[in-house]
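A.B. asks: here is the input, now give the coordinates:
(one chain, ligands or ions: 1)
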Amino acid sequence: MTITDFPTTTSGIRGGVAGQQALDAAQFQLAEAVRFLGLDDGLHRMLATPRRSLTVSVPVRREDGRMEVVQGYRVQHNLSRGPAKGGIRFHPDTDLAEVTALAMWMTWKCALVGIPYGGAKGGVAVNPDQLTVRELERVTRRYANEIQPLIGPEKDIPAPDVGTDEQTMAWIMDTYSVNAGYSVPGVVTGKPTLLGGSLGRAGATSRGVQIVASAALGDPAGRTVAVQGFGKVGALAAQYLADAGCRVVAVSDASAAICAERLDVADVRAWAAEHGGLLGYPRADAISHDELIEMDVDVLVPAALEGALTGANARRVRARLIVEGANGPTSPEADLILADQGTTIVPDILANAGGVIVSYLEWVQNTQAYSWSADEVEVKLRDLMEGAFREVRTLSADRGISLRQAAHAIGVGRVAEAHRLRGLYP
Ligand code: GLU
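C.D. replies: Now for the predicted structure:
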């Protein structure tokens, strides 16, 4: 299959450039898995189409009294294996196509790691950095109110994603609870621990990245690492990889990229937290964002947004192993080029599944009104991540396909099997 040979219009949704590319990539990966599994056209169409999509207009009162209206989305891609699950993204470029792609990836991710959820995603087209805290709270609460009919602990459980955090989840939990008339902690995950959040959730995606990177490397000691994106996922992934014995040589965020013989990651994190980013960090050399992507390292961790690795730069990537902390950082074209070059890619739906795994553990704790120790959470996270990694690696080796193709084949296959067992109503 070539990368132009896939049904871009199957979902019937079109978006802006970035969103459309993400959705095209998701559809391409699904089409490959459908072909590998020998699924029929009807099932393919069903898996390619979101179950429910809601677009909402969110009016926001700015501090100066003006009212603006921003678009928000919640897409439930598939519900066959359980309630819908997935984060909410606040980003100016988000659109229905991107949210649909991200929801689809959540479906395969949850199925792959064996947690009983379907896939969903939400988004609001705002730049949180340009809003005051009060404006952000108003946007969040109004958006939560608009999507309230879709969400709920048994229906669809949001979580943080790009541009949202524990505070966002606390506001959503509060809005939902006030409307319900009682506290409903299980309506969101990634909450503050005081409100029922799980120990270990904040660093879970990064911990998962380190677990699969270590599994893929065998021995992480002394391996060189570059991390693109120094946000919630990337900064702690760099820290955990350094703690595991890797030598972190470069990191970047939107403001700057820096490199050194061995970065003191704890120091870089503290400095970035204090100064609002990496720009001007004194104990490293400044490099360009392209130079970071092209560095001769053992491991490259793209941990920012989609579109980091494309047909335009993939040939210059020299990392031996890529571990995708972000969702969809590698375009299908880049995937083919990197496979040709012999680069191993641990794909997003496996590499960054630690977040939704601990979200699941949080939700289980909430439904039992009980909480586990950090160690209990970490043991469960490690078991699920390592188990999924072994399954993907085995299928990839047995069938001579990439880790991404194997991960999608397993995820899509489980959802298809759930459809078959449940049958079609009516
Ligand atoms: N936003 C994260 C992801 O893309 C976590 C989702 C969740 O915890 O539900 O996997």
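
A.B. asks: buried stuff in stretch 27-43?
C.D. replies: If you call a residue buried by 16 or more other C-beta atoms under 10 Å, then stretch 27-43 has these buried ones: Gln27, Phe28, Gln29, Leu30, Ala31, Glu32, Ala33, Val34, Phe36, Leu37, Leu39, Leu43. Glycine gets a C-beta too; all of them are placed from N, C-alpha and C.

A.B. asks: do the same with stretch 111-127
C.D. replies: Using 16+ other C-beta under 10 Å as the test for burial, stretch 111-127 gives 111-115, 117-126.

A.B. asks: ok, and does that stretch reach over to the ligand?
C.D. replies: No. Against the ligand, stretch 111-127 shows no contacts by C-beta under 6 Å from any ligand atom, the least distance being 7.5 Å.

A.B. asks: the residue positioned nearest the centre of the chain sits in which helix or strand?
C.D. replies: Nearest to the mean C-alpha position of the chain, counting by C-alpha atoms, centre = their mean, stands Asn327 at 4.3 Å. Using DSSP states H and E, Asn327 maps to neither a helix nor a strand.

A.B. asks: let me know the closest of the buried residues of stretch 27-43 to Cys246.
C.D. replies: Gln29 (28.5 Å; C-beta to C-beta).

A.B. asks: show me what contacts that closest one?
C.D. replies: Gln29 makes contact with Pro332, Arg404, His408, according to C-beta atoms under 8 Å, 6 or more residues apart in numbering.

A.B. asks: tell me how many other residues crowd Asn179.
C.D. replies: Asn179 has 11 neighbours, counted by other C-beta atoms under 10 Å.

A.B. asks: brain fart, Leu292
C.D. replies: The tally of other residues near Leu292 (other C-beta under 10 Å) stands at 21.

A.B. asks: I'd say Val412 and Glu32 touch.
C.D. replies: No. The pair Val412 / Glu32 is not scored as a contact, 9.2 Å apart, by C-beta atoms under 8 Å.

A.B. asks: for Val75, name its beta-bridge partners.
C.D. replies: Ser53, Lys121 (DSSP bridges).

A.B. asks: gap between it and Leu96?
C.D. replies: 7 Å (C-beta to C-beta, to the nearest Å).

A.B. asks: the more surrounded of these two?
C.D. replies: Neighbour count, other C-beta under 10 Å: between Val75 and Leu96, Val75 has more, with 31 against 23.

A.B. asks: which element, helix or strand, includes the residue of the stretch 101-250 of the chain found nearest the ligand?
C.D. replies: The ligand sits closest to Ala159 of the stretch 101-250 of the chain, with a gap of 3.3 Å, by C-beta to the nearest ligand atom. Assigned by DSSP H and E, Ala159 belongs to strand 156-160.

A.B. asks: what lies in contact with that strand?
C.D. replies: Contacts of strand 156-160 (C-beta under 8 Å, 6+ apart): 74, 76, 83-88, 117, 120, 122, 150-151, 166, 168-169, 172, 186-190, 232, 355-356, 359, 363.

A.B. asks: among those residues, which are in strands?
C.D. replies: Arg74, Gln76, Ala84, Lys85, Gly86, Gly87, Ile88, Ala120, Gly122 (DSSP state E).

A.B. asks: which among the residues you listed gets closest to Gly280?
C.D. replies: For these, the closest approach to Gly280 (C-beta to C-beta) belongs to Gly87, at 30.5 Å.

A.B. asks: pretty sure that closest one is touching Gly119, no?
C.D. replies: No. Taking contacts as C-beta under 8 Å, Gly87 lies outside contact range of Gly119: 10.8 Å.

A.B. asks: now do the contacts for the residue nearest to the centre of the chain.
C.D. replies: Residues near Asn327 by C-beta under 8 Å, 6+ apart: Leu102, Trp105, Glu306, Asp348, Asn352.

A.B. asks: isn't the fourth one right up against Leu102?
C.D. replies: No. Taking contact to mean C-beta under 8 Å, the distance of 10.0 Å between Asp348 and Leu102 leaves them out of contact.

A.B. asks: now for those two: what residues contact both?
C.D. replies: With C-beta under 8 Å, 6+ apart, Asp348 and Leu102 have common neighbours Asn327, Gly328.

A.B. asks: looking at those two, which is more packed in?
C.D. replies: A direct count of neighbours by other C-beta under 10 Å for Asp348 and Leu102 places Leu102 higher, at 30 against 23.

A.B. asks: leaving out sequence neighbours, find the closest residue to the more buried one.
C.D. replies: Take Leu102 and drop its neighbours on the chain: the residue closest to it by C-beta to C-beta, 6 or more residues apart in numbering is Lys121, 3.9 Å away.

A.B. asks: can you list the residues of the stretch 201-350 of the chain near the ligand?
C.D. replies: Residues of the stretch 201-350 of the chain lying close to the ligand (C-beta under 6 Å from any ligand atom) are Asn327.

A.B. asks: in the stretch 251-400 of the chain, what residue comes closest to the ligand?
C.D. replies: Of all residues in the stretch 251-400 of the chain, Ser359 sits closest to the ligand, at 3.2 Å by C-beta to the nearest ligand atom.

A.B. asks: now do the contacts for that residue.
C.D. replies: So Ser359 contacts Lys85, Ile157, Ala159, Thr189, Gly190, Ser198, Arg201, Ala204 (C-beta under 8 Å, 6+ apart).

A.B. asks: hmm, 10 Å instead?
C.D. replies: Under the criterion of C-beta atoms under 10 Å, 6 or more residues apart in numbering, the neighbours of Ser359 are 85-87, 110, 115, 117, 157-160, 188-191, 197-198, 201, 204-205.

A.B. asks: then Arg390?
C.D. replies: Shown in contact with Arg390 (C-beta under 10 Å, 6+ apart): Ala215.

A.B. asks: how close does it sit to Ala407?
C.D. replies: Arg390 sits 12 Å away from Ala407, taking C-beta to C-beta as the criterion.

A.B. asks: hang on, the earlier thing: shared neighbours of Val75 and Leu96, anything?
C.D. replies: Ser11, Ile13, Pro50, Ser53, Leu54, Thr55, Gly123.

A.B. asks: can you tell me which of those is nearest the ligand?
C.D. replies: Taking C-beta to the nearest ligand atom as the measure, the ligand lies nearest Gly123 of the shared contacts of Val75 and Leu96, at 10.9 Å.

A.B. asks: tell me which element Val248 falls in.
C.D. replies: strand 247-252.
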